[in-house]
Structures are given as structure tokens and as C-alpha cells.
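> Build the 3D model from these lines:
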Amino acid sequence: MSEFLTIALSFPPIVFSFGLIVVVLYWITVIVGALDVDIVDFGTDSDVEVEAGGSFWSAFGFGAVPFTVVLSLWITLGWIVTVLGTTWVHSAEEIFIPTAATGTATLVAGIGVGMLGAKLLSRPLSKIFADAPATAHRDLIGKVCVVRTGTVTVESGQAEMTEEDGTVHLINVRRSAHEPEGIDDEHFSRHSKLVIFDYDEVARVFLVVPVAMPPSLEM
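Numbers count the residues shown, from 1 in each chain. As a prediction, this is how the structure comes out:
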């Protein structure tokens, strides 16, 4: 174990090791609902747009795969390549190439193979995202969604909305800053049903209220 840690914290694996820690922590927070992830990213146009990571990622052929997924694949594969390469170099008995040169070559291989691997793995995912039917923002207003994060606040929250044809949208939702007083926070807890009543074009999030509200508090 100590030998593995030594390699993981040596050059060049260390370049990816810290990134891998961030990736793991990121996806853990996504799973527990403490952080938003744009699996389906609703853009500023009238139709739902899948996060493509911008023209930079598209130029490399990553298609409609979310930026966070591509970056996670790239870092993970780069880390694996550099760890394996460094392990091989350390185990070789007769290598007369300077350590700095072998380290640099391993780093370049990790970056290149990581990008290539991420591109190959993202192709099937790209088709999945590309085949997703486009949905206008206005089509979701008035629909019922179910909270998937621990809670929904004015600053964070995600919910799942299922259409009649079975299409499932994971959307970013928020409570309105102009929400009437007296609404119990319990109505916004995990698994609670909410109604989408508006879309914030600036923050790119859907505003929601509980399905059942007292008549005196209806907005």
C-alpha cells in the first residue's frame, strides 16, 4: 500500500491524483444531492439543450456529453495511465533514460491517452444525449416534479420530472425569493411533489411551489 501511495504521489501521477480526488468528491456530492449537475442543461434558447461543454469540447468530437463527465473520464484515464507507466519504469531494472525524461513522457502519454479514451467512451453517451427529445421550457411549466436532493432552497435543489411518454428530466429547481410566508420547509424535502410555475432565464433554473398549498398562500 505504501508503495502504491508513493507512486501515486510521485511525478507524473500526482498531476492527476489531486484532480481524481476532486472528481471523486464532486460525484459524491452529486449523489448525496449537495451539488447540482447539469445532466440535462436547460439553455437560454426556447428548447432544452444538453450541456456540450462549449465549442472547445465539440471541436474535439465530444458531442453532447456533459463537460463534467468528459473531464471526469479524462482525469481518471490519465491517472491510470501515469500510475501504470510509472510503476513499469520503477520495476524496470535497466533504464538509462533520465527520470525527468521518463516522467515527462509518461505525463504526455497520460494526457493523450486520457483524451483519446474519454473521446471513445463518450461516443455512445453522446448518442444517448443527442437522441433525447427537445422540450421547450414552457412545456414544463405546470408539470409536477419530485425532489431528488435533500431539500430545495432559493439557492440549490434538483428534481425529476417524468413526461407522459416516459422521458425523464433531471432539472435544477429553486424556491422563489418572493414566496409567501408560512410555507413549511417540509414541503420541499426529498421525494416531495412540487409544481413548476416559472423559469428563471438568468439563473437558468425552474421555480417551484408545493403541489398542495393552503388557499390563503396560493401565488
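
> for Asp198, phi and psi?
phi -170, psi 170 (degrees, to the nearest 10).

> you'd agree it is up against Ile141?
Yes. If you go by C-beta atoms under 8 Å, Asp198 and Ile141 touch, sitting 6.6 Å apart. For every residue, glycine as well, the C-beta is placed using N, CA and C.

> between these two, what contacts are shared?
Phe206 (C-beta atoms under 8 Å, 6 or more residues apart in numbering).

> before we move on, what SS does Ile196 have?
Classification of Ile196 by DSSP: H, G, I helix; E, B strand; the rest coil places it in strand.

> Could you double-check that it lies in contact with Val211?
No. Under the criterion of C-beta under 8 Å, Ile196 makes no contact with Val211, lying 10.8 Å away.

> Same drill for those two, tell me which one is more crowded.
Set side by side, Ile196 and Val211 show more neighbours around Ile196, with 20 against 13, by other C-beta atoms under 10 Å.

> what's the spacing between Thr162 and Val89?
Distance of Thr162 to Val89, given as C-beta to C-beta, to the nearest Å: 52 Å.

> Which neighbours do Ile196 and Val211 have in common?
Joint contacts of Ile196 and Val211 (C-beta under 8 Å, 6+ apart) are Val144.

> Run a quick neighbour tally on Arg138.
9.

> ok, back up a step: comparing Thr162 and Val89, which residue is more hemmed in?
Using other C-beta under 10 Å, the more surrounded residue of Thr162 and Val89 is Val89, with 16 against 13.

> Now do the closest residue to that one other than its chain neighbours against His90, distance only.
Residue nearest to Val89 in three dimensions, not counting chain neighbours: Thr102, with 5.1 Å by C-beta to C-beta, 6 or more residues apart in numbering. According to C-beta to C-beta, Thr102 stands 10 Å off from His90.

> Comparing those two, which shows the higher neighbour count?
Legend: neighbour count by other C-beta under 10 Å for Thr102 and His90, higher for Thr102 (19 against 14).

> which element is that one on?
helix 99-130 (DSSP states H and E).

> In this structure, what residue spans correspond to strands?
Secondary structure of the chain (DSSP state E): strands at 144-147, 158-162, 168-175, 193-200, 205-210.

> just these: most buried one?
strand 205-210 (a mean of 22; mean count of other C-beta atoms under 10 Å).

> any residues touching it, and which ones?
Under C-beta under 8 Å, 6+ apart, the answer for strand 205-210 is 42, 140-141, 145, 152, 159, 171-176, 179, 183, 187-188, 192-200, 219.

> so where is the protein shaky, pLDDT-wise?
Regions of the chain meeting the criterion pLDDT under 70 cover residues 1, 32-64, 93-97, 126-136, 213-219.

> domains of it?
2-130, 137-217 (automatic domain parsing).

> mind listing the helices in the chain by residue range?
2-8, 13-32, 54-59, 67-91, 99-130, 137-140 (DSSP state H).

> Quickly compare those and say which is most buried.
Of all those, as judged by average neighbours under mean count of other C-beta under 10 Å, the leader is helix 67-91 with a mean of 19.
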